[in-house]
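Visitor: Pasting the sequence and the predicted coordinates here, then a few questions.
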Amino acid sequence: MLNCVFMDEPEIVLDSKRIGRKHRPLVIAEIGINHEGKIEKAKKMIQDVYDAGAECVKFQSHIIDDEMIPTDVIPGNSDETIWEIVKRCSFSEKDEMSLKKFVDSLGMIYLSTPFSRESADRLERMNVIGYKIGSGECNNYPLIEHIAEFGKPVIISTGMNDIESISKSVKICRESNIPFALMHVTSMYPTPYEHVRLGAMTHIAEEFPDAVIGLSDHSIGNYTCFAGVALGASILEKHFTSDKSWSGPDVPISIDPSELKNLINGVDSIYKSLGGKKEILSEEQPTINFAYSCVVAIRDIEIGENLSKENVWVKRPGTGEILAKDFQKVLEYKAKMKISKNTQIKWNMIEK
């Protein structure tokens, strides 16, 4: 189950997966409704998500009569009505349970987005560990209040919403004492890069310091997700398809198995690269040994001879006693002994 730990950095726990700035980001592969209501197609995608190394797969739970009235509204990324799309892509409770069991058997995290009260109740009967709330439901406060009554955590997408409308959802979560994450989203399919607005994650984090922050990305490719990790995203979500030649509502903006694997590897690499401060690492010593320069005699030097740029200079390797950074100090000294050409100068060889 998800739990919330209030620390310097917000953190939630999903099964054994700890999520927050101090932990490797969670990558959610959203199959959504790209399966088009075909159970075997959905299972194929689950297997491909698993094989790519993802920890979490997400679906959408639709019960059309409880979700919407008959409508001829057509989404911007489709040529058919939302009613037709949802009707075609809906699963029965039995099928949804079958998919969850398959995900569980692979040791992955199963998430689903409910779009109505009945679909939320269905997911609760399925004993899901938490809820993903879509951008369209971010300001559906009656539904969020209903889900909050289950006492389980929520990950809320915030596309098409501003700070004011997000605040009301956050208030419900806080008053219900459930842990929550907020995902920045731009609800355009695909999202042009100039409208991704990664700075919004920082804005959300500043306004809601007790929220885990994530990015649900609808732009093409993985670039913005990689940047999102560097800017503090602890959850990354991308639409997924096994084959870009397949039909499916969100296939045009989806990543395929090779891209998902690339995303996971990239997120891991970037996360490992974060933090730190500018200092010299002990592990850099082998490179220091050859890359630094030290003060060296560039010709034979006699006893009592003043050191100057004519008889000393700086050369590799960096194994000498006097590094190049102290060259100017050396010029204030003279030789205490004979020093042969190409000898690395030591302090006991010279005196003022």
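Guide: Yep, it's here.

Visitor: Pull out the buried positions in the helix or strand hosting residue 167.
Guide: Residue 167 belongs to helix 163-176 when assigned by DSSP states H and E. Within helix 163-176, the residues that qualify as buried are 166, 169, 170, 172, 173, 176, counting by 16 or more other CB atoms under 10 Å. For the C-beta atoms, the positions are set from N, CA and C on the backbone; glycine is no exception.

Visitor: Relative to residue 11, how far out is the second one?
Guide: When you say that, I think you mean residue 169. For residue 169, the distance to residue 11 equals 20 Å [CB to CB, to the nearest Å].

Visitor: Give the rounded mean pLDDT of stretch 130-137.
Guide: For stretch 130-137, the per-residue pLDDT values average out at 97.

Visitor: quick one: it to chain centroid distance?
Guide: Computed by CA atoms, centre = their mean, to the nearest Å, the separation of stretch 130-137 from the middle of its chain amounts to 19 Å.

Visitor: What's the local residue count around residue 328?
Guide: When counting by other CB atoms under 10 Å, one arrives at 8 neighbours for residue 328.

Visitor: Which of the three states applies to it?
Guide: For residue 328, the secondary structure call by DSSP: H, G, I helix; E, B strand; the rest coil comes out as helix.

Visitor: And it, what's its pLDDT?
Guide: Residue 328 carries a pLDDT score of 97 in this model.

Visitor: For it, give me its contacts.
Guide: By CB atoms under 8 Å, 6 or more residues apart in numbering, the contact list for residue 328 is empty.

Visitor: ok, it to residue 309 distance?
Guide: Summarising the geometry, the distance separating residue 328 from residue 309, computed by CB to CB, is 10 Å.

Visitor: With residue 119 instead?
Guide: On the measure of CB to CB, residue 119 and residue 309 end up 80 Å apart.

Visitor: More neighbours: the two, which one.
Guide: Looking at residue 119 and residue 309 with other CB under 10 Å, you find the greater number of neighbours at residue 119, namely 23 against 9.

Visitor: Touching the helix or strand where that one lies from outside, list them.
Guide: With elements taken from DSSP H and E, the one containing residue 119 is helix 117-125. With CB under 8 Å, 6+ apart as the contact definition, helix 117-125 has outside contacts at 61-63, 66-67, 93, 96, 112, 114, 131, 143, 146-147, 150.
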